[in-house]
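Asker: Need coordinates for the below:
(chains A and B)
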Protein chains: 2
Amino acid sequence: MVANSLHWRVVLVRPRNPLNIGAAARAMANFGLGDLVVVKPYAPVWRETRSAVGAEGTIGSARAVDDLSEAIADAALVVGTTAGSRRNLDRDLVPLDQFSRWLGSHTSPAGNAPKRAALLFGSEKTGLSTEQMSYCHALVRIPTRADCPSMNLGQAVAVCCYELVRAGALDAGVKSQARSPVGRAPAKIHLSDPANLQSLERVLERAARVLDNVGYLKPKSRRATLVKLRRLLLGLGLTNNDVKILGGLLAQIEWKLGNP
Amino acid sequence: MVANSLHWRVVLVRPRNPLNIGAAARAMANFGLGDLVVVKPYAPVWRETRSAVGAEGTIGSARAVDDLSEAIADAALVVGTTAGSRRNLDRDLVPLDQFSRWLGSHTSPAGNAPKRAALLFGSEKTGLSTEQMSYCHALVRIPTRADCPSMNLGQAVAVCCYELVRAGALDAGVKSQARSPVGRAPAKIHLSDPANLQSLERVLERAARVLDNVGYLKPKSRRATLVKLRRLLLGLGLTNNDVKILGGLLAQIEWKLGNP
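Answerer: Next comes the predicted model:
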């Protein structure tokens, strides 16, 4: 295993068409990716896909989970895909062909242990929702035409897998010294001691309890505010140690609020 | 229209699955390609595809033709696709991600008029046959894994269209000064006065008549020998003027053989 390596997982969020799940799995196998997670597949779709003749390899080892946070709990890096050109949630919108350079300039070396990275694809009709995008460190844009932006899901997975192979971002991981193609440089994502999504979510839950308690979160805007806070937390590029400190600090506040 | 531009046509050779024709058309539209030709589609498949609800744009203007030579008659450059790593017929086997560089080093400037180039995809089961490959100036290889090389047809088209866009080989055409990534440099393909495939085929037909006449072609190996000759002709990078001279020369030989 090389140093600085990223292990890419493909996450399909609520795909509706069983053919697309199979097509995604096949494209992954073509380009050497083996880790497929499907979030909340419609049950009949999932049964149909898994029972298909020849369902083996990538599709045979694919997992179904109930929500997105479960699919990416162990990921150090989460990247969403979009065909749109709209900037969402202040995320870097990285052209797919510059994604490898983005990785080089926005992540710090991973150290010896390979780290899990997740590439998210939204459902066929709607793509990734704003809330689903809030889990992403960055969004990559597939360079489709403005007059026909929406790709078939299986083809989008194929194009992204090809690009990961082409750019050497598969297993070979992160190149150093590359310059950022987009805007100012935000905090780097620390691959040597990355805060995984699960621990960030726990901090966010604790923060939500505290902010509910102090009346900061209003019922009407609660969900949107938490999405913004998740984005903010992700953007900080926290390490596990940072998260530990932040969690302890919030716990102390929570305790004091309950014991005035 | 920029100078040196290539207009890419996608040619599907005997596709069996109507879903794949539609998927190919959609991927082309996503990346701004509009010229789709299908060689000998199975008739029910073609009717089904064309009558599909929403068959418009690329699929609506797609043409069906009876043989490959008809599909590429007006092409100055013909490129086949393969998932295999076998070198066929001494053709350059160009890794897909280096295809744009190959174009730069193996073609001469196109002049002002945009030239037609064709990208060939074989049928789902078998890919391009040896004879179909003999029409190609080069083969591009999609970098799939040896243990799972065969791509879904629609996904293969999507990946190649993406690469044409990424590498700027779409409309922007040929870059100069690029070095050849593969082996020694063969004769360049003259895009300023290219011999199109139709005129080369006419020369080949005349040559076949002459060689039949003189007993050079043996019944058993006739087809294979003509495939080799086609490859040889293509490899010479002939201009229209060259072809005119060669045709005249053969005509004179043919006349003399008939009038000893």
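Asker: Who does residue A:7 form a beta bridge with?
Answerer: residue A:116 (DSSP bridges).
Asker: Now do the SS call for the residue nearest in space to the middle of chain A.
Answerer: Geometric centre of chain A, nearest residue: residue A:78, 2.5 Å, by CA atoms, centre = their mean. The three-state assignment at residue A:78 reads strand, by DSSP: H, G, I helix; E, B strand; the rest coil.
Asker: partner residues bridging it?
Answerer: Here residue A:78 sits in beta bridges with residue A:118, as judged by DSSP bridges.
Asker: for it, what are its contacts?
Answerer: Contacts were defined as CB atoms under 8 Å, 6 or more residues apart in numbering or on different chains; by that measure residue A:78 touches A:72, A:117, A:118, A:120, A:135, A:136, A:137, A:197, A:234. Every C-beta, even on glycine, is put in place using the N, C-alpha and C of the backbone.
Asker: would CSV of those residues with secondary structure, pLDDT and distance to residue B:106 be doable?
Answerer: Listed next are those as CSV, based on DSSP: H, G, I helix; E, B strand; the rest coil; pLDDT from 0 to 100; distance: CB to CB, whole Å:
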residue, secondary structure, pLDDT, distance to residue B:106
A:72, coil, 94, 44
A:117, strand, 92, 37
A:118, strand, 95, 40
A:120, strand, 97, 39
A:135, coil, 90, 45
A:136, coil, 90, 41
A:137, coil, 87, 40
A:197, helix, 81, 47
A:234, helix, 79, 46
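Asker: Neighbour count for those residues - can I get that in TSV?
Answerer: Written out in TSV, the entries for the contacts of residue A:78 read as follows (neighbours: other CB atoms under 10 Å in any protein chain shown):
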residue	neighbour count
A:72	26
A:117	27
A:118	26
A:120	28
A:135	25
A:136	26
A:137	25
A:197	26
A:234	24
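Asker: re the thing from before, how much space separates the residue nearest to the centre of chain A from chain B?
Answerer: Counting by CB to the nearest CB, to the nearest Å, the separation of residue A:78 from chain B is 23 Å.
Asker: So which residues on the stretch 1-150 of chain A come close to chain B?
Answerer: Taking CB under 8 Å from any CB of the partner chain as the measure of proximity, the stretch 1-150 of chain A contacts chain B at A:19, A:23, A:26-27, A:29-32, A:57, A:83, A:96-97, A:142-145, A:148-150.
Asker: buried subset of those?
Answerer: A:19, A:23, A:26-27, A:29-32, A:57, A:83, A:96-97, A:142-144, A:148-149 (16 or more other CB atoms under 10 Å in any protein chain shown).
Asker: Among the residues you listed, which lie within helices?
Answerer: A:19, A:23, A:26, A:27, A:29, A:30, A:57 (DSSP state H).
Asker: Does the first one touch residue A:154 like I think?
Answerer: Yes. Taking contact to mean CB atoms under 8 Å, the distance of 7.3 Å between residue A:19 and residue A:154 places them in contact.
Asker: By mean pLDDT, point me to the weakest helix or strand of chain A.
Answerer: Ranked by mean pLDDT, DSSP states H and E, the weakest helix or strand in chain A is strand A:189-190, scoring a mean of 67.
Asker: hang on, the earlier thing: could you dump the ones in helices among the buried ones among the residues of the stretch 1-150 of chain A next to chain B to JSON lines with pLDDT?
Answerer: Rendered in JSON lines, the data for those read as follows (pLDDT from 0 to 100):
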{"residue": "A:19", "pLDDT": "85"}
{"residue": "A:23", "pLDDT": "91"}
{"residue": "A:26", "pLDDT": "91"}
{"residue": "A:27", "pLDDT": "93"}
{"residue": "A:29", "pLDDT": "92"}
{"residue": "A:30", "pLDDT": "92"}
{"residue": "A:57", "pLDDT": "78"}
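Asker: and the gap between residue A:209 and residue A:196?
Answerer: 21 Å (CB to CB, to the nearest Å).
Asker: before we move on, back to that, relative to residue B:239, which of the ones in helices among the buried ones among the residues of the stretch 1-150 of chain A next to chain B is nearest.
Answerer: In terms of CB to CB, no member of those lies closer to residue B:239 than residue A:30, at 39.0 Å.
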